[in-house]
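S.K.: Below are the sequence and a predicted model; questions follow.
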Amino acid sequence: MTPDLMDEGARRIASRSAPAALGQTESGGRAAGFSRIATPGEVDIAHGRILYLEDVNVSFDGFKAINNLSLDIAPGELRCIIGPNGAGKTTMMDIITGKTRPDSGTVYFGSTIDLLRHNEPEIASLGIGRKFQKPTVFEQLTVFENLELALKTHKGVKSSMFFKLDSAQSDRLAEVLHTIHLADSVARMAGNLSHGQKQWLEIGMLLMQDPKLLLLDEPVAGMTDEETARTAELFLSLKGKHSLMVVEHDMSFIRTISEIVTVLCDGAVLAQGTLDQVQADERVIEVYLGR
Ligand SMILES: Nc1ncnc2c1ncn2[C@@H]1O[C@H](COP(=O)(O)OP(=O)(O)O)[C@@H](O)[C@H]1O
Ligand SMILES: [Mg+2]
């Protein structure tokens, strides 16, 4: 990301015609001068958003998977996304992470980084981590080695040949081990962990890169009740330090962790509010909860 690019991004935002809408978020963000440019390598959250989607559209063979989707997330927020199968939840994450290009619309990380100008690896290194539904840890490596590898791969192949953890990285690794409840399993083969532990390890691998925004797609699917409860604790401990977007179907899990819940349906936001508010919404009951 060059200052030029960010300058360009700031100009593009400034030239958009909806300053009133831009100036407010549900989360209480407030408008600042558009002339403010972020420091390179940092995300400008002066406008109270870490992620901003506006009027995003994607069609697959004429089928509108994402339909004028607009949504924003505040820094440090833990946003829950629910909605029926096929609503576009995973596709939305594909768009944010650069896996799928939208046909139209705006996708910003902070107020200056236009994510549509970046590819998947660039978006990851900008500080957006993604956890897919299936755990993808290296089964033949230990918990420690998996976490170490997450740092190496982040630094690029060249540097990984001579890679050795410095003391800050060792501290970070120890902190992440503690956060993901695997401090007692550091020398275990990842392949021998439970399903839930593998999921935590993969989250730990993302945390090693200290992402600003974490996207988690159905993180507690297949977990035991106890693992689900520990995952809720984990996410609550990450909130504030990171921004999180969590897609889940498990309503008791959502109840434990949620502040604002966004309901997606047919590629757009159907409802948004507290879980109680959206659960009482007739449209939400009809398309999702009432089935
Ligand atoms: N790469 C793709 N090609 C064609 N159709 C797709 C593709 N990805 C998703 N879809 C379709 O888009 C819709 C939304 O899918 P998805 O984002 O996976 O929904 P969700 O995660 O909410 O269940 C579905 O109808 C799905 O079949
Ligand atoms: Mg999905």
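M.R.: Ah, there it is. Ligands and ions are numbered 1, 2, ... in the order given.

S.K.: So, low pLDDT: which residues of the stretch 101-250 of the chain?
M.R.: 153-163 (pLDDT under 70).

S.K.: secondary structure element for Ala150?
M.R.: If you go by DSSP states H and E, Ala150 is part of helix 143-155.

S.K.: Any idea how far that helix is from the middle of the chain?
M.R.: With C-alpha atoms, centre = their mean, to the nearest Å as the basis, helix 143-155 stands 20 Å off its chain's centre.

S.K.: list the buried ones in that helix?
M.R.: Within helix 143-155, the residues that qualify as buried are 143-152, 154, counting by 16 or more other C-beta atoms under 10 Å. All C-beta atoms are positioned from the backbone trio N, CA, C, and that covers glycine.

S.K.: Mind putting the residues you listed into a markdown table with distance to Leu51?
M.R.: Formatted as a markdown table, these follow (distance: C-beta to C-beta, whole Å):
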| residue | distance to Leu51 |
| --- | --- |
| Val143 | 30 |
| Phe144 | 32 |
| Glu145 | 32 |
| Asn146 | 27 |
| Leu147 | 26 |
| Glu148 | 29 |
| Leu149 | 27 |
| Ala150 | 22 |
| Leu151 | 25 |
| Lys152 | 28 |
| His154 | 21 |
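
S.K.: Now cross-check those against ligand 2 and list the overlap.
M.R.: Residues of the buried residues of helix 143-155 in contact with ligand 2 (C-beta under 5 Å from the ion): none.

S.K.: In terms of distance to ligand 1, which of those residues ranks first?
M.R.: Closest approach between the buried residues of helix 143-155 and ligand 1, by C-beta to the nearest ligand atom: Ala150, at 25.3 Å.

S.K.: Pull the contacting residues for the closest one.
M.R.: The contact partners of Ala150, by C-beta atoms under 8 Å, 6 or more residues apart in numbering, come to 204-206, 208-209.

S.K.: Can you get me a residue count around the nearest residue to Gly110 once chain neighbours are set aside?
M.R.: What sits nearest to Gly110 in space, not counting adjacent residues and going by C-beta to C-beta, 6 or more residues apart in numbering, is Val43, at 3.6 Å. Using other C-beta atoms under 10 Å, Val43 has 24 other residues around it.

S.K.: Val43 touches Ile113, doesn't it?
M.R.: Yes: applying C-beta atoms under 8 Å as the test, Val43 and Ile113 come out as touching, 6.5 Å apart.

S.K.: Identify the contacts common to those two.
M.R.: With C-beta under 8 Å, 6+ apart as the test, Val43 and Ile113 both reach Leu126.

S.K.: Give me the neighbour count for Asn68.
M.R.: Neighbourhood size, Asn68 [other C-beta under 10 Å]: 14.
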